[in-house]
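[1] Just need the structure, nothing else, for what follows:
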Amino acid sequence: MADPIPYLDLPAQIRGLRKELDAALARTLDNCSFCLGPDVAQFEKDFAAYCGAKHCVCFNSGTSALHVALLALGVGQGDEVVTTPFTFVATSWAISYTGAKPVFVDIDDATFNINSALVERAITPRSKAVLPVHLYGQPFDVDAILDICRKHKLPMVEDACQSHGAKYKGKTIGTFGVISGYSFYPGKNLGSCGEGGAFVTNDDKLAAHAKSLREHGSTQRYYHDEIGFNYRMEGFQGAVLGVKLKHLQKWTAERRRVARRYAELLAGTPLQLPREADFAESVWHLYVVRHPRRDELKKFLDDHKVGCAIHYPIPLHLQKAYAHLGHKPGDFPVAEKAARECLSLPIYPELTDAQIERVAEVVKDFFK
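    Purely as a prediction, here's the structure:
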């Protein structure tokens, strides 16, 4: 029996960075800079530069970053925010936490991203922002959605939580919208050793307001100007991310290598393979294939010790938490079909050619 292939191999990544991480964490420990502090401040500076943005504000999670982004833009009770039903639930949590309502728009069948042709019809007098997602590492159609936002005078917030360093028409994402949110959950392309998140912006006032909101609504200790939150990033996570950011470009190149190899090896199978849009340079956070017999294929891969996962089995409009919105099956048919068919294959920088070939071999055996 061949060795198991894990869906994600974080231990392999950590082994390669262990000395750098140990030194960075020891420095933080010696400084006792556990909440925000110099390591977080340095990472904010470096990540802003990486995204080509003026400011980066770090948080304890990507969810918090998106929540504060919407609050800083004035989104609140009774407002609406246009978004996708096919993403991790944190995107819509950020909307709900403000008291606003997520208004869903169906997705594009080929890319899984929000269908830009359908966005405008979802806008109402209550709309306060548009929050599309660069899903699975691939940019959405930025210009098409920006045109709609300009026409209706709405801010666009990019959910880039899965797409650190992805490019749209040759330019790194992050500054197309007014604010762009990122997650540093451990499994992300740029992941912390715990929870973490950030947003980037070119707006001085939004950055300053966000820093106050993440620290109990305070700009001066023990003086609180508004209801705030304890959304600070830990110093240890800033130290870890500072180390990992230096490797991100190399890791992205390796992910693109894995995706190219899968495309070659799986080209003759009945799978619907992920397609990189003409305008996009994906960072391949996930490699998601599709087939109507998804559940059988997943069991076959599991039985043959090939790791795989489902992102995401239930679209947001059909989640129990959003039953109050009154949606029913069939409301967003493309998203619902994707949810029934999608399967994520292993993709990470440490995946070897032999492992990629083994994954493809097991997939082909299933269809035999």
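[2] and the residue nearest to Gln272 when sequence neighbours are not counted, what pLDDT?
    Nearest non-adjacent residue to Gln272, counting by C-beta to C-beta, 6 or more residues apart in numbering: Arg290, 4.0 Å away. From N, CA and C alone the C-beta is placed, and that goes for glycine too. Looking at Arg290, its pLDDT stands at 98.
[3] Output stretch 327-345 as CSV, restricted to C-alpha atoms.
    Extracted C-alpha coordinates of stretch 327-345, given in CSV (Å, rounded to 0.1, in the frame of the first residue of the first chain):
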residue,chain,number,x,y,z
HIS,A,327,-34.4,31.4,0.8
LYS,A,328,-35.3,27.9,-0.6
PRO,A,329,-33.5,25.3,-2.8
GLY,A,330,-33.3,26.6,-6.4
ASP,A,331,-32.8,30.3,-5.5
PHE,A,332,-29.2,30.2,-6.5
PRO,A,333,-28.9,27.1,-8.7
VAL,A,334,-25.3,27.4,-9.8
ALA,A,335,-24.0,27.7,-6.2
GLU,A,336,-26.2,24.7,-5.2
LYS,A,337,-24.9,22.6,-8.0
ALA,A,338,-21.3,23.5,-7.1
ALA,A,339,-22.0,22.5,-3.5
ARG,A,340,-23.2,19.1,-4.6
GLU,A,341,-20.2,18.5,-7.0
CYS,A,342,-17.1,20.2,-5.6
LEU,A,343,-14.1,18.3,-4.2
SER,A,344,-10.8,19.7,-3.1
LEU,A,345,-7.7,17.7,-3.9
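[4] and the residue nearest to Gln272, what does it touch?
    Residues near Arg290 by C-beta atoms under 8 Å, 6 or more residues apart in numbering: 271-272, 338, 341-343.
[5] Check Ile227 too.
    Ile227 touches Gly217, counting by C-beta under 8 Å, 6+ apart.
[6] so Leu206 touches Ala72, yeah?
    Yes - between Leu206 and Ala72 there is a contact under C-beta atoms under 8 Å: 4.9 Å.
[7] Of the two, which one has the most company?
    More neighbours surround Ala72 than the other of Leu206 and Ala72, with 25 against 20 (other C-beta atoms under 10 Å).
[8] how about Leu29, secondary structure?
    Secondary structure state of Leu29, per DSSP: H, G, I helix; E, B strand; the rest coil, is helix.
[9] re the thing from before, overlap in contacts, Leu206 and Ala72.
    With C-beta under 8 Å, 6+ apart, Leu206 and Ala72 have common neighbours Ile179.
[10] now the helices: where do they sit in the chain?
    10-31, 38-51, 62-72, 90-97, 116-119, 142-151, 204-214, 235-245, 248-265, 294-303, 333-341, 353-367 (DSSP state H).
[11] Pick the most deeply packed of those.
    The densest packing among the helices of the chain, expressed as mean neighbour count by mean count of other C-beta atoms under 10 Å, is seen in helix 62-72 with a mean of 27.
[12] And for it, what's in contact with it?
    Outside helix 62-72, the residues that reach it (C-beta under 8 Å, 6+ apart) are 57, 59, 81, 90-91, 93-95, 97-98, 100, 129, 131, 157, 159, 161, 179, 181-185, 196-199, 206, 209-210, 213-214, 229, 231.
[13] of the helices of the chain, which approaches Trp284 most closely?
    Smallest distance to Trp284 across the helices of the chain (C-beta to C-beta): 4.2 Å, for helix 248-265.
[14] Check which helices and strands that closest one sits against.
    In terms of contacts (3 or more C-beta pairs under 8 Å, 6 or more residues apart in numbering; DSSP states H and E), helix 248-265 is packed against strand 287-290, helix 353-367.
[15] try 6 Å
    Judged by 3 or more C-beta pairs under 6 Å, 6 or more residues apart in numbering; DSSP states H and E, helix 248-265 has no packing partners among the helices and strands.
[16] Dump it to CSV, keeping only the CA atoms.
    C-alpha atoms of helix 248-265 as CSV (Å, rounded to 0.1, in the frame of the first residue of the first chain):
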residue,chain,number,x,y,z
LEU,A,248,5.1,33.3,0.3
GLN,A,249,6.2,34.1,-3.2
LYS,A,250,8.1,30.9,-3.5
TRP,A,251,5.2,28.9,-2.0
THR,A,252,2.8,30.5,-4.5
ALA,A,253,5.1,29.4,-7.4
GLU,A,254,5.0,25.8,-6.0
ARG,A,255,1.2,25.9,-5.7
ARG,A,256,1.0,27.0,-9.4
ARG,A,257,3.3,24.1,-10.3
VAL,A,258,1.0,21.6,-8.6
ALA,A,259,-2.1,23.1,-10.3
ARG,A,260,-0.4,22.9,-13.7
ARG,A,261,0.5,19.3,-13.1
TYR,A,262,-3.0,18.3,-12.0
ALA,A,263,-4.4,20.0,-15.2
GLU,A,264,-2.1,17.9,-17.4
LEU,A,265,-2.7,14.6,-15.6
